[in-house]
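Student: This is the structure alone, sequence omitted:
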């Protein structure tokens, strides 16, 4: 499912949930409030709006916990995601003003310019830099003001079959041991003659790690450490490493492809050019910092196009859910996945469908020189500039996002943007590392359709369109939106391939 479709689906689900369950929109908020314990009317009421029904139970629990120790009543209100900011703006004219609301960071500029977001005012000694990951704070920043409390994030990273990798590591160690034994035997033969050559097998492992006896033999701690070390060495650091695995791996029969991912979704493609382009700077609001069409971006998109021939992924037959199902079935060794995959894989384990170990590692670079950088989206708790209870809203927002977060993933499947959270799964810690290195979607109104246009650009390049002209057209479209006039990029003459350069030099020297 594309990022655009995913966001639309969230909106539709939230809207349907409001109709089916009778959870209030701004004109009917009492239904939601009535689900919480009855509080005395003397307490001031602070309304928190949100659109994702998955959060309902969690937010209600947070409100109850907070209400027990504070002289305030927090009321979460599930509302439709359709025209969300418009609804908040209209509700701000009523008596039950949304004092705070949950919003994706890329809409923060629009909220701020409408007066619906203001610079946050942490209370209770909360130090933002100590409480939240830097990526979250950058995502929540607009014009050097932090206008939202980072709540939870989404990003993508490399998912791999850990059992397959372990098997590769064992075979590699055994091959290395065999080679070492052969070399030692040859040396012994040269130095001491045929009678001493039989002692040269002392360099072999104590027990077999593959082949006959491997399933029943118990590995020593030293062997386990060597295998783990070798696995870390074999984790692909670049796309070129993955291609090398595809060329050399003697895969089990059930493996159909080494690397497969949803090439139709920008979330799983963005890393190819995430480090090569700049749209709004690190905080995504600076309209003077836009650089989409450049040599590095072109080269990275060409590398992306070349993978079509290497892995032959049909865009008409692929989607994220199918890819994960194939991964669970052991048909794929590596894929790109978002944080939601951990819940799916753990459930598959419980159901007996996942029979191997899996792991998450950092997104691979393109090669040793060209770096990769994943895309991320941060959901923030925003304080309404029109709210009458902004101090109480600030206090609860800080509590919700920096203190009441250890059970966030277990209850909602959302991954907290706070520092030092024990997510309960090693894989989620790896996603958090990826998030810290990721780049957020820009939040400029002028570039609000950037990810849609970029997704279309990736699709056309995957199907064979020229990377150079495709990026040129994308940049011209974005710059036209930013400047308000026609914009023309000067065509970039690409660098010749190394072998072409060598041929040119040879021709010149011959003449």
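Tutor: Nice, I can see it. Model, not experiment: these values are computed from the prediction.

Student: ok, residue 190 - how many residues close by?
Tutor: 9 (other CB atoms under 10 Å). Placement of C-beta: from N, CA and C, glycine included.

Student: where does it land on pLDDT?
Tutor: On the pLDDT scale, residue 190 is placed at 75.

Student: Can you classify it as helix, strand or coil?
Tutor: Three-state call for residue 190 (DSSP: H, G, I helix; E, B strand; the rest coil): helix.

Student: any idea how far it is from residue 183?
Tutor: Using CB to CB, to the nearest Å, we find residue 190 at a distance of 11 Å from residue 183.

Student: Can you name the residues that contact the nearest residue to residue 65 once chain neighbours are set aside?
Tutor: Of all residues not flanking residue 65 in the chain, residue 404 sits nearest, at 6.4 Å (CB to CB, 6 or more residues apart in numbering). Residues in contact with residue 404 (CB atoms under 8 Å, 6 or more residues apart in numbering) are 62, 65, 66.

Student: quick one, phi/psi of the second one?
Tutor: Backbone geometry at residue 65, expressed as degrees, to the nearest 10, gives phi -60, psi -40.

Student: which residues of the stretch 201-350 of the chain fall in strands?
Tutor: For the stretch 201-350 of the chain, the strands defined by DSSP state E, counting those that start in this stretch occupy 257-259, 278-279, 290-291, 332-338.

Student: Compare those strands and give me the one nearest residue 99.
Tutor: Residue 99 sits nearest to strand 332-338 of all the strands of the stretch 201-350 of the chain, at 30.9 Å, using CB to CB.

Student: Which neighbouring elements make contact with the closest one?
Tutor: Packed against strand 332-338 by the contact rule (3 or more CB pairs under 8 Å, 6 or more residues apart in numbering; DSSP states H and E) you find strand 149-161, helix 239-248, strand 257-259, helix 266-269, helix 320-328.

Student: who wins for proximity to residue 470 among the ones you listed?
Tutor: Of the helices and strands packed on strand 332-338, nearest to residue 470 by CB to CB is helix 266-269, at 13.1 Å.

Student: Over to the residue nearest to residue 65. Which of the three states is it?
Tutor: Here residue 404 is recorded as coil under three-state DSSP.

Student: List phi and psi for it.
Tutor: Residue 404 has phi and psi values of phi -90, psi 60 when expressed as degrees, to the nearest 10.

Student: Could I get the pLDDT score of it?
Tutor: We note a pLDDT of 95 for residue 404 in this prediction.

Student: cool, residue 309 as well?
Tutor: We have a pLDDT of 88 for residue 309.

Student: For this structure, which element, helix or strand, carries the lowest mean pLDDT?
Tutor: Counting by mean pLDDT, DSSP states H and E, the weakest-scoring helix or strand in the chain turns out to be helix 30-33, with a mean of 38.

Student: Who are the contact partners of residue 292?
Tutor: Taking CB under 8 Å, 6+ apart, one finds 277, 278, 279, 471, 474, 475, 478 in contact with residue 292.

Student: Tell me the spacing between the last one and residue 241.
Tutor: Plainly put, residue 478 is 33 Å away from residue 241 if you go by CB to CB.

Student: So in terms of bridging, what pairs with the residue nearest the centre of the chain?
Tutor: Closest to where the C-alpha atoms of the chain average out (CA atoms, centre = their mean) is residue 155, at 1.5 Å. Judged by DSSP bridges, the bridge partners of residue 155 are residue 376.

Student: residues contacting it?
Tutor: 338, 339, 374, 375, 376, 377, 431, 434, 435, 438.

Student: The same query, at a cut-off of 6 Å, please.
Tutor: Neighbour list for residue 155: 374, 376, 434, 435, 438 [criterion: CB atoms under 6 Å, 6 or more residues apart in numbering].

Student: Near the second one, how many other residues are there?
Tutor: Meaning residue 376. So residue 376, with other CB under 10 Å, has 28 neighbours.

Student: That one is in contact with residue 441, isn't it?
Tutor: No. Checked against CB atoms under 6 Å, the pair residue 376 and residue 441 is beyond contact range at 7.7 Å.

Student: Show me which positions of stretch 248-265 end up buried.
Tutor: Within stretch 248-265, the residues that count as buried by 16 or more other CB atoms under 10 Å are 249, 251, 257, 258, 259, 260, 261, 262, 263, 264, 265.

Student: re the thing from before, I'd like the next helix or strand past the least confident helix or strand of the chain.
Tutor: strand 44-50 (DSSP states H and E).

Student: gap between that following strand and the chain center?
Tutor: 30 Å (CA atoms, centre = their mean, to the nearest Å).

Student: how much does it deviate in direction from strand 149-161?
Tutor: For strand 44-50 against strand 149-161, the angle by axes from the mean of the first three to the mean of the last three CA atoms, to 10 degrees is 30 degrees.

Student: Throw the contacts of residue 155 into a markdown table and include distance to residue 305 and secondary structure, thanks.
Tutor: Formatted as a markdown table, the contacts of residue 155 follow (distance: CB to CB, whole Å; DSSP: H, G, I helix; E, B strand; the rest coil):
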| residue | distance to residue 305 | secondary structure |
| --- | --- | --- |
| 374 | 20 | coil |
| 376 | 25 | strand |
| 434 | 24 | helix |
| 435 | 28 | helix |
| 438 | 23 | coil |
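
Student: any idea which of these is the one closest to residue 224?
Tutor: Looking across these and measuring by CB to CB, the closest to residue 224 is residue 434, at 26.8 Å.

Student: hmm, back to that, looking at the buried residues of stretch 248-265, which one is closest to residue 140?
Tutor: Distance from residue 140 was checked for each of the buried residues of stretch 248-265 by CB to CB. The minimum falls on residue 265, at 24.5 Å.

Student: shaky segments in the stretch 201-350 of the chain?
Tutor: For the stretch 201-350 of the chain, applying pLDDT under 70 flags the ranges 201-217.

Student: Now for residue 386: which residues touch it?
Tutor: residue 92.

Student: Numbering from 3 from now on, please.
Tutor: Yes, from this point I'll number from 3; that puts the last item at residue 388.

Student: how close does it get to residue 99?
Tutor: 6 Å.

Student: ok, so what distance separates residue 172 from residue 253?
Tutor: Between residue 172 and residue 253 the distance is 15 Å, computed by CB to CB.

Student: For the helices and strands packed on strand 334-340, could you give me CSV that also reports distance to residue 75?
Tutor: Formatted as CSV, the helices and strands packed on strand 334-340 follow (distance: least, CB to CB, whole Å):
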stretch, distance to residue 75
strand 151-163, 20
helix 241-250, 53
strand 259-261, 52
helix 268-271, 38
helix 322-330, 40
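
Student: closest to residue 422 out of these?
Tutor: That would be, of the helices and strands packed on strand 334-340 and by CB to CB, strand 151-163, which comes in at 13.5 Å.

Student: ok, back up a step: okay if I get the strands of the stretch 203-352 of the chain as TSV plus distance to residue 415?
Tutor: Shown next, in TSV, are the strands of the stretch 203-352 of the chain (distance: least, CB to CB, whole Å):
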stretch	distance to residue 415
strand 259-261	26
strand 280-281	29
strand 292-293	34
strand 334-340	11
